[in-house]
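Trainee: Got a predicted model here, sequence first, then my questions.
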Amino acid sequence: GQVLQVVDLDNSKFFNIAVILHRTGLLKGFVRVSAIFTAAPNRSLVKKRGVFQLDGNLILIQFKLRSYHLSRLAILPNIFKKQPIRAVNASDGYRVPSLLLTYIDDEIRVGRSADGKIFLLEKLKKIPWTASLPEGIFEKTDGF
């Protein structure tokens, strides 16, 4: 599915938002995951994949908080507003995720995680589906 990533380069922070819709349409919500990131030292090895970071394009990620938000439950109005129904630590405490970035141009970049996942990231000025998210979701509700 689609994931919206909001990046704060000045403070080395980001958060991701993914919409969740139950197949019946009776339950709708989203997950918000916040994180901080740092540049990896030059020539850092990415796991066992043999990919070396040479140009400052590898970031180390520390996930902070994963919050679950409910925006629709059957026909009931949204009583949860900005507050999550559950929030948990998003770090597993055992590994430091990383992302090797390749910039195609000013609008598109490809990310490869240490476990081999590929992400295609596009910079957008307007995201159509964000209108369905609750008001205030982009505010710094979890310290990010």
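Mentor: Nice, I can see it.
Trainee: where along this structure do the strands fall?
Mentor: Applying DSSP state E to the chain gives strands spanning 3-8, 13-21, 27-39, 45-46, 51-52, 58-73, 86-89, 98-103, 108-113, 118-122.
Trainee: could I get those as TSV with mean neighbour count and mean pLDDT?
Mentor: Every residue, glycine included, has its C-beta placed from N, CA and C. Converted to TSV, the strands of the chain look like this (neighbours: other Cβ atoms under 10 Å; pLDDT from 0 to 100):
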stretch	mean neighbour count	mean pLDDT
strand 3-8	14	83
strand 13-21	18	85
strand 27-39	18	86
strand 45-46	16	54
strand 51-52	14	55
strand 58-73	18	83
strand 86-89	11	79
strand 98-103	17	83
strand 108-113	16	86
strand 118-122	11	86
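Trainee: If T38 is in a bridge, with which residues?
Mentor: Counting by DSSP bridges, T38 is bridged to L60.
Trainee: Verify the contact between it and S12 for me.
Mentor: Yes - counting by Cβ atoms under 8 Å, T38 touches S12, with 6.3 Å between them.
Trainee: Leaving out the residues flanking it, which one is nearest to K123?
Mentor: Of all residues not flanking K123 in the chain, E107 sits nearest, at 4.8 Å (Cβ to Cβ, 6 or more residues apart in numbering).
Trainee: Over to R66?
Mentor: Leaving aside its sequence neighbours, R66 sits nearest to A90 (Cβ to Cβ, 6+ apart; 4.0 Å).
Trainee: so what's that neighbour up against?
Mentor: When contacts are counted by Cβ atoms under 8 Å, 6 or more residues apart in numbering, A90 touches V33, S34, A35, F63, K64, L65, R66.
Trainee: just those residues now: which is nearest R95?
Mentor: Relative to R95, the closest of these is F63; by Cβ to Cβ it sits at 10.4 Å.
Trainee: Could you report the distance from the residue nearest to K123 to V6?
Mentor: Noted for E107: a distance of 16 Å to V6, by Cβ to Cβ, to the nearest Å.
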